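*Asks:* Just to be clear, the model below is a prediction. Sequence and coordinates:
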Amino acid sequence: MRLWLKIILSIAASFALIAVGFGIGYSGAATKTVTVVKKVPVTKVVTKKVPVIKKVPIVKTVYKTNTVWRTKTKYVKVPAKPTPAPAAPASGVLLSQSGTGSWNSEPFTVNGDAPQLKVTYWYTGNATMGSGDNFIADITSSDDMLSIANDIATSGGKTTTVYPDVSYGGSHVYHLEVEATGSWHFTVTQAG
């Protein structure tokens, strides 16, 4: 009996999603509600009405079999990229961000000759087809990459300290890259 109930609920949910998709596609308005979930630098991942400015590709994962991902490319119209945030103080919070899925932060600046970054993060719901997916997070610059996380799990988190290499004229401008299928939160602070 439970199997039939699951099948019926799955079919009903599928029809509801299709109806929502048709409603959005045929709205004819000058603005659209857009949820941006892609790997591009943004200040925040938000859902709101925005003027349509340009067409950007996003990839939506349909399903996963063994280690092969099946994907379908869709396009969404998004506003122009916001201007970068000003340089951060010598110590304090450089980044505090929550989101879902893969994401790249806006650039942030680390200060000093031997900077020290404390990164605290958690993630949950990182699963497709009932098993844990890869959760990867790195802080990178044009000439340095600091691994924060590389887990295959549905949830987790921790606090870690990393040391950006700014010696010999290295870049002080970094950004956070996240690859995930679930929800997550990061806080990056620089020790004073």
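*Replies:* Looks like it arrived, so ask away.

*Asks:* Poorly predicted segments of this structure, please.
*Replies:* Residue ranges of the chain with pLDDT under 70: 1-2, 4-5, 12-13, 15-91, 192.

*Asks:* do that again at 80, thanks
*Replies:* 1-91, 130, 168-170, 192 (pLDDT under 80).

*Asks:* Val110 and Val93, how far apart?
*Replies:* Distance from Val110 to Val93, counting by C-beta to C-beta, to the nearest Å: 12 Å. Where C-beta positions appear, they are placed from N, C-alpha and C, glycine not excepted.

*Asks:* Look at those two and report which has more neighbours.
*Replies:* Neighbour count, other C-beta atoms under 10 Å: between Val110 and Val93, Val110 has more, with 21 against 13.

*Asks:* Please look at that one and Gln190 and confirm they touch.
*Replies:* Yes: Val110 is within contact range of Gln190, at 5.9 Å (criterion: C-beta atoms under 8 Å).

*Asks:* can I assume Ile152 sits in a helix?
*Replies:* No: applying DSSP: H, G, I helix; E, B strand; the rest coil, one finds Ile152 to be strand, outside a helix.

*Asks:* In this structure it contacts Ile136, no?
*Replies:* No: with contact defined as C-beta under 8 Å, Ile152 does not count as touching Ile136 (9.8 Å).

*Asks:* These two - which one has more neighbours?
*Replies:* More crowded of Ile152 and Ile136, by other C-beta under 10 Å: Ile136, with 16 against 12.
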